[in-house]
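Asks: The sequence and its predicted three-dimensional model are supplied below.
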Amino acid sequence: MKLFLVGDDILGRTIPSFRIALYQEEKQWKLFRAALDRKEKVVFDRLFLASRLHISACMMAAKPVRIHCIMMAILLYQYKQILSLGTG
């Protein structure tokens, strides 16, 4: 099955893959990101990168509000980072 991205719409599939949904969610935060200073933009971008590490789990969760799963993936990543500080 071929998918076509036309603007923010995906043609050829009823529910977009989570990778596409994540991209769409990130686009919706564009104005928020634009208001950040340069260093904060880097941190903001890293948060979305952290959510990509757990994209399979987000996909399997199949939550109707995609930011919920993205935030959980970010929290999981951050919590793992905190725990690793105690073992070093």
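Replies: Received, thanks.
Asks: which other helices and strands contact the longest helix seen in the chain?
Replies: Counting by DSSP state H, the longest helix found in the chain is helix 66-87. Here helix 66-87 touches helix 18-28, helix 38-52, helix 55-61, going by 3 or more C-beta pairs under 8 Å, 6 or more residues apart in numbering; DSSP states H and E. (Glycine included, C-beta is placed from N, CA and C.)
Asks: what's the following helix or strand after the first one?
Replies: To tie it back to what came earlier, the one meant is helix 18-28. Per DSSP states H and E, the first helix or strand lying C-terminal to helix 18-28 is helix 30-34.
Asks: Rounded mean pLDDT for that following helix, please.
Replies: For helix 30-34, mean pLDDT is 95.
Asks: That helix - contacts with which helices or strands?
Replies: Counting contacts by 3+ C-beta pairs under 8 Å, 6+ apart, helix 30-34 is packed against helix 38-52.
Asks: hmm, back to that, and the longest helix of the chain with helix 38-52, angle?
Replies: In terms of direction (axes from the mean of the first three to the mean of the last three C-alpha atoms, to 10 degrees), helix 66-87 departs from helix 38-52 by 100 degrees.
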